[in-house]
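>>> would you be able to build a 3D model of this:
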Amino acid sequence: MQIDKDAAVYVISVAAELAGMHPQTLRQYDRLGLVVPQRTAGRGRRYSAADISRLQLIQRLSQEEGINLAGIKRILELQREVETLGAHTRTLAQRLEKVMRSGGGRVFAAGAAGDVVSIVHGTRPELRIAGALAPGATARAGGRRSGELTLYRRRSG
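Below is the predicted model:
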């Protein structure tokens, strides 16, 4: 049986020993909101393996990197935000993949005049932008004219 990393199973003395800290330090971090353990019905603190890892990170940032507690708190907030945004991105990617597999959804592109046009899913019109290259640049590969940039070229054959 494996214990979930978020399961609050460690009392403060065990958590402090595992993290290599004094229990009073853990109480201070709780007051500051750096590591907020779960509480029992009697208000006792219970730490999880994830909390222990966070305590070790705080200790490393403080002692080895010389970062103050306010800086560490901001780092932890940003880390949580990155994790949240990553989860949101994965959800959106799954939804997009589902839509693309079903063949549904509409595809839009920028028209030659800068307007938005709808195109058939799976096709890409050849779009050339005159003057997109730097002045004096020559692009002759594939029959392109000087000063012209091809964003998409349909394969021949």
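>>> how is the chain carved up into domains?
According to automatic domain parsing, the chain is divided into the following domains: 12-99, 107-152.
>>> grab the most central residue of the protein for me.
Ranked by distance to the mean C-alpha position of the chain (C-alpha atoms, centre = their mean), the top residue is G86 at 3.4 Å.
>>> now the domains of the chain as CSV including mean pLDDT and distance to K5?
To be clear about C-beta, it is placed using only N, CA and C from the backbone, and glycine gets the same treatment. Rendered in CSV, the data for the domains of the chain read as follows (pLDDT from 0 to 100; distance: least, C-beta to C-beta, whole Å):
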stretch, mean pLDDT, distance to K5
domain 12-99, 94, 4
domain 107-152, 58, 42
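>>> deepest in the core, which of those is it.
Most buried of the domains of the chain, by mean neighbour count (mean count of other C-beta atoms under 10 Å): domain 12-99, with a mean of 14.
>>> and that domain, end to end?
This stretch, domain 12-99, spans 48 Å end to end (C-alpha to C-alpha, to the nearest Å).
>>> can you give me the offset of it from its chain's centre?
Its chain's C-alpha centre and that of domain 12-99 lie 17 Å apart, by C-alpha atoms, centre = their mean, to the nearest Å.
>>> do the same with stretch 2-18
When C-alpha coordinates are averaged (C-alpha atoms, centre = their mean), stretch 2-18 and its chain have centres 27 Å apart.
>>> and the domains of the chain: which comes nearest D6?
Between D6 and those, the shortest gap by C-beta to C-beta is with domain 12-99, which sits at 5.1 Å.
>>> and the helix or strand where S118 lies, what does it pack onto?
Taking DSSP states H and E as the criterion, the element that holds S118 is strand 116-119. With contacts defined as 3 or more C-beta pairs under 8 Å, 6 or more residues apart in numbering; DSSP states H and E, the secondary structure elements packing on strand 116-119 are strand 107-110.
>>> tell me where the protein has strands.
Counting by DSSP state E, the chain has these strands, from start to end: 38-39, 45-46, 107-110, 116-119, 127-130, 148-152.
>>> who's in contact with the second one?
Outside of strand 45-46, the residues within contact range by C-beta atoms under 8 Å, 6 or more residues apart in numbering are 8-12, 15, 26-27, 30, 37-40.
>>> does D6 touch S48 like I think?
Yes. Look at D6 against S48 with C-beta atoms under 8 Å: they come within range, at 5.1 Å.
>>> quick one: contacts for V35?
Taking C-beta under 8 Å, 6+ apart as the test, what V35 contacts is 26, 29, 47, 51, 54-55, 58.
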